[in-house]
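1. below: sequence and its predicted model.
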Amino acid sequence: MERNIYLDYSATTPVKREVFEEMVPYLTDYYGNPSSIYKIGQSSKEAILLAKERIASLVGATPEEIYFTGSGTEADNWAIIGTYDSLKTKGNHIITSSFEHHAVLHSLKYLEEQGAEVTYLPVSKDGLVNPEDVKNAIKDNTILITVMMVNNEIGTIQPIKEISKIAKEKKILFHTDAVQALGNIKIDVNDLGVDLMSMSAHKIYGPKGIGALYIKKGVKIENFLHGGGQENTGRAGTENLAGIAGFGKAALIAEKNFDSHVLHLREMRDYFLKKVSERIPDFNINGSMEKRHPGNLNLAFNYIEGEGILLLLDKEGIQVSTGSACNSQSLTPSHVLSAIGVPVERIHGSIRFSFGDFTTKEDVDQAVEVLDKAVGKLRKISSVSKEKGW
Amino acid sequence: MERNIYLDYSATTPVKREVFEEMVPYLTDYYGNPSSIYKIGQSSKEAILLAKERIASLVGATPEEIYFTGSGTEADNWAIIGTYDSLKTKGNHIITSSFEHHAVLHSLKYLEEQGAEVTYLPVSKDGLVNPEDVKNAIKDNTILITVMMVNNEIGTIQPIKEISKIAKEKKILFHTDAVQALGNIKIDVNDLGVDLMSMSAHKIYGPKGIGALYIKKGVKIENFLHGGGQENTGRAGTENLAGIAGFGKAALIAEKNFDSHVLHLREMRDYFLKKVSERIPDFNINGSMEKRHPGNLNLAFNYIEGEGILLLLDKEGIQVSTGSACNSQSLTPSHVLSAIGVPVERIHGSIRFSFGDFTTKEDVDQAVEVLDKAVGKLRKISSVSKEKGW
Amino acid sequence: MPIYNDIVMEHFMNPRNVGELENPDGIGTYGSPVCGDMMQITIKVVDEVIVDAKFKTFGCGSAIASSSMATEMIIGKTIDEALAITNKEIVSELGGLPAVKIHCSVLADHAIKNAIFDYANKQVKTYKGLEGYDPDEDADEQDIMEETGCTGPSCRG
Amino acid sequence: MPIYNDIVMEHFMNPRNVGELENPDGIGTYGSPVCGDMMQITIKVVDEVIVDAKFKTFGCGSAIASSSMATEMIIGKTIDEALAITNKEIVSELGGLPAVKIHCSVLADHAIKNAIFDYANKQVKTYKGLEGYDPDEDADEQDIMEETGCTGPSCRG
Ligand SMILES: Cc1ncc(COP(=O)(O)O)c(C=O)c1O
Ligand SMILES: Cc1ncc(COP(=O)(O)O)c(C=O)c1O
């Protein structure tokens, strides 16, 4: 492979070498079905337990509270649809924010078709949900509050503890999508007071296609996948053994390296921002820089459209994401940036830069160089500009 | 690892070396998110397409008709719950057989709680569903017929073509669970006339935790996992890239080696049966030997309980499965053997032997030797016997 | 983490006191093949002491191990001491059993009591430990026969 | 299988005729930054022939490539010939565009027509190809603004 400068760690992370090595045995010699009672089946089962212990340790849970899923998306679907299924006779009202991940929003849309009533809370310009809004939205028939821990586009960290406290007072279940938060901010499920929490391996240097749902001891929600008795009868389907082992290892590393990881990300991110500020005029930062994922930056470059930036960067081996309509098969501008009130024309020119463990200062220097040129080139082509007062 | 004699290929198969090698790049260098439009994202997308082509080719489908899932279980859940969700306003009646896999039966149980009406057809002593029974069970409100292609415990092959013809005449959707059939019997979805078909990689020497649902072009069912636009907006969640690549490779090998694979399995299985017949008295074969998975054998050893056999075999490095209550955390005797009318006391002494590509004649010789001793030992301990007329 | 510990496996692999005593002083059976387990115990009693015991068991590994352990435990004990043995003690002597296999120890416990019951009947004796005891009571039938479907981890492919 | 073919990428990377003509004979704009694309075309006309054209575009890769290709296509053509150009022809000259990006070619097509419309107005001329033409018609607004949510494969993490 050519040299890449990967600045899209929030989309997915490379699998760390140690994680890969942890997976290899389960793709070669240790193939026993964890459901089988003979020895090679039981050692597969032990591997699952070890992975649970590691993930539980990272978030302050117990291994029995961790259930593996096929993705962060499945964890979100299960938490939301499973809660609805088990509580719909008690009430049908769910509270969420308007800038959740689509795994949450589309699960809720599905439930709306089944008869659920959903309140979508506004988000501040800084990218924060106001706990007061949550409180005011609660009704007699509210059965679930779901607010993400860290937003995937702008990285803002939500006041989970405050919200969960409100939920607890009213005896309403509280779910949080922690897919972007895991490994990047400190999580203690008991301190935070969450009942359900979604996680995904491929955001913490683990493999794709393996996620987990934390279900607090004592909380009972309907199963999502029905069939065999895997995962303590909680989630049917033969377990993704290699993926589970990899997720566990990734969690172990995340816990061990937490401080240096966060420090490194923040350093890279802040250095990048400083460099960009020095060289490129007319951009805005989307979302508050204060309560933010240490490796996330989301910038709106005025007068140009983001896909062009992405393509020019890709030509030079640099990967980033756009918040633009144009980059996707969908033509809708980012619902996240809309929710925090970024003007639509700026949404089109917004780029998410996300930094990770393998990002170097040289990467940043080179990326800013290329970015500077790309923005300059596109602005020259553009039909809008400061002078034209777009 | 010590030498194993693995005779539980129906539970799960070892990952073939070539399959593992196909997966490695996606766990190391090629980590791009398939949803990203930059180059390394797009090459991930190409890997997914290639895998679809390979699986489609194995079953006579087109790549666009293949949707990846996190397991065969998820494919079953999606087919059944998705069909119900999209057709429940038209009707709520579903027809199935009483010896389906739990992924099917428990999905249906879930739907019964949601208001579905399910007919469980009887199964003959031979282990076959009678198409006439299907025909007679159809009502005005029937929306789905789901009958498995090959049973997982006794390996009997169902008359899928005849059943799908009946379904088609009545314009009812037809789903088949082909998890055990894939790679072991010839499948042509168009010739068989199925609308929906479940598959799983770990039964054909691919990794665990990756499955697929075939959805015939033109058939629309509700999504099961809601979120991002992956899998042509059909199944949300970041794709299990390595698993997908592995599944594709496994399908390619299965297609290429089909004839020799089937021949080998049948040879091993028949040789095993011959040897057992020569040495061990008082056993019965569960299910017809005629229309049967080439690598499946299910034997009831009278006067003893299966778990003991399993443990004694395991001690000697031989892995098999039991149809016994006692082997599992559940205490219920196999619903499959019950369905074909095996007396309960014989169900307790039933063992599934399943053969695969790595099984050798020496394996079989040794397994029969150990089995003979185990059965003899347990019969000596047993409180029941022929003389006691149990 | 195999499903059984070493003590259980040892008693399963090398069960003690397998067989049937000739002309036993008491014989007890419990369970049925339909339920998945059936145990038979024969005992020899001299001066109120169980001097010998043998078992035959149709059942899973833990049923065989429990039977083996149970016979070991009663040999050398007085009838009263033997009657005082609970299934919990059998489990504890075995170093524990998986939760769903606890019923196997109940089986052994009942088979012992049934053998003593038989002995008591034949000898026309009464024992405190047998007061109100019903040899045909199916203490664990409910556990075994419950049609719960596959909920354990062994829902085999 | 990158999202754009080589022709599109070449026109995006090295767009032809970028800029604004001084004292153009016609100027046309189409789209708006809010909708994600806005294109401006200036043309120079001599004896009914478009002798020069330049564009400026705010928009994605395919919008820029379409603009570049469109200006190339009209230079040297008569007004009538230029008016006859359809967005399909622009797409075909580009060797194809992803389905959801077809609207970008419509944009270029409209911008050209608007530039000619402006020229016609200034020269007080009428053209068959402009009959009933409304320069402000938002042919593709619906495509762009539809609040369909994330249904494409780029639902980014
Ligand atoms: C017939 C059948 N259906 C469904 C499944 C479930 O597939 P998976 O193990 O991938 O969840 C299996 C195997 O476990 C099976 O044998
Ligand atoms: C906040 C958030 N939730 C959920 C998901 C979905 O997780 P997965 O990609 O494992 O399906 C993602 C990432 O894609 C995410 O960023």
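-> Here it is on my side, so go on. Worth saying up front: this structure is predicted, and the values here are computed from it rather than measured. Ligands and ions are numbered 1, 2, ... in the order given.

2. run a quick neighbour tally on the residue of the stretch 251-390 of chain A at minimum distance from ligand 1.
-> Going by CB to the nearest ligand atom, ligand 1 is nearest to A:Ala251 of the stretch 251-390 of chain A, at 23.8 Å. For the C-beta atoms, the positions are set from N, CA and C on the backbone; glycine is no exception. Other residues lying near A:Ala251 total 29 when counted by other CB atoms under 10 Å in any protein chain shown.

3. in the helix or strand where it lies, what counts as buried?
-> According to DSSP states H and E, A:Ala251 maps onto helix A:241-256. Neighbour-count burial for helix A:241-256 flags A:241-254 (criterion: 16 or more other CB atoms under 10 Å in any protein chain shown).

4. so what does residue 39 look like in phi/psi?
-> Using chain A here. Torsion angles at A:Lys39 (phi, psi; degrees, to the nearest 10) stand at phi -60, psi -50.

5. switch to chain C, that's the one I care about
-> The phi/psi pair for C:Met39 (degrees, to the nearest 10) reads phi -120, psi 140.

6. tell me where the model's unsure across the stretch 201-350 of chain A.
-> Low-confidence regions of the stretch 201-350 of chain A, defined here as pLDDT under 70, cover residues A:323-331.

7. how many neighbours does the residue nearest to A:Asn4 when sequence neighbours are not counted have?
-> Spatial nearest neighbour of A:Asn4, excluding adjacent residues (CB to CB, 6 or more residues apart in numbering or on different chains): A:Gly317 at 5.0 Å. Residues near A:Gly317, counting by other CB under 10 Å, number 18.

8. correct me, but A:Gly317 touches A:Asp363?
-> No. Using CB atoms under 8 Å, A:Gly317 is not in contact with A:Asp363; the gap is 10.2 Å.

9. tell me, what's touching these two both at once?
-> A:Ile5 (CB atoms under 8 Å, 6 or more residues apart in numbering or on different chains).

10. how about A:Val364, secondary structure?
-> Assigned with DSSP: H, G, I helix; E, B strand; the rest coil, A:Val364 falls in the helix class.

11. then C:Lys56?
-> Relying on three-state DSSP, one would call C:Lys56 strand.

12. what about it, how many residues close to it?
-> There are 25 residues near C:Lys56, going by other CB under 10 Å.

13. from C:Ser92, how far off is the residue nearest the centre of chain C?
-> Centroid-nearest residue in chain C, with CA atoms, centre = their mean: C:Ala108, separated by 0.9 Å. If you measure C:Ala108 against C:Ser92 using CB to CB, to the nearest Å, the figure is 13 Å.

14. please apply the same query to C:Ile112.
-> C:Ile112 is 16 Å from C:Ser92, by CB to CB.

15. what's near enough to touch residue 116?
-> By default, I'm working from chain A. Contacts of A:Ala116 by CB under 8 Å, 6+ apart are A:Tyr84, A:Lys88, A:Asn92, A:His93, A:Ile94, A:Leu108.

16. meant chain C, my bad for not saying
-> C:Ile116 sits next to C:Gly26, C:Gly28, C:Ile43, C:Ile79, C:Ala82, C:Leu83, C:Tyr127, C:Gly129, C:Leu130 when contact means CB under 8 Å, 6+ apart.

17. just put the residues you listed in JSON lines and tack on distance to ligand 1, pLDDT and secondary structure.
-> Listed next are those as JSON lines, based on distance: CB to the nearest ligand atom, whole Å; pLDDT from 0 to 100; DSSP: H, G, I helix; E, B strand; the rest coil:
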{"residue": "C:Gly26", "distance to ligand 1": "47", "pLDDT": "97", "secondary structure": "strand"}
{"residue": "C:Gly28", "distance to ligand 1": "41", "pLDDT": "96", "secondary structure": "strand"}
{"residue": "C:Ile43", "distance to ligand 1": "46", "pLDDT": "98", "secondary structure": "strand"}
{"residue": "C:Ile79", "distance to ligand 1": "51", "pLDDT": "97", "secondary structure": "helix"}
{"residue": "C:Ala82", "distance to ligand 1": "46", "pLDDT": "97", "secondary structure": "helix"}
{"residue": "C:Leu83", "distance to ligand 1": "47", "pLDDT": "97", "secondary structure": "helix"}
{"residue": "C:Tyr127", "distance to ligand 1": "52", "pLDDT": "94", "secondary structure": "coil"}
{"residue": "C:Gly129", "distance to ligand 1": "48", "pLDDT": "92", "secondary structure": "helix"}
{"residue": "C:Leu130", "distance to ligand 1": "49", "pLDDT": "92", "secondary structure": "helix"}
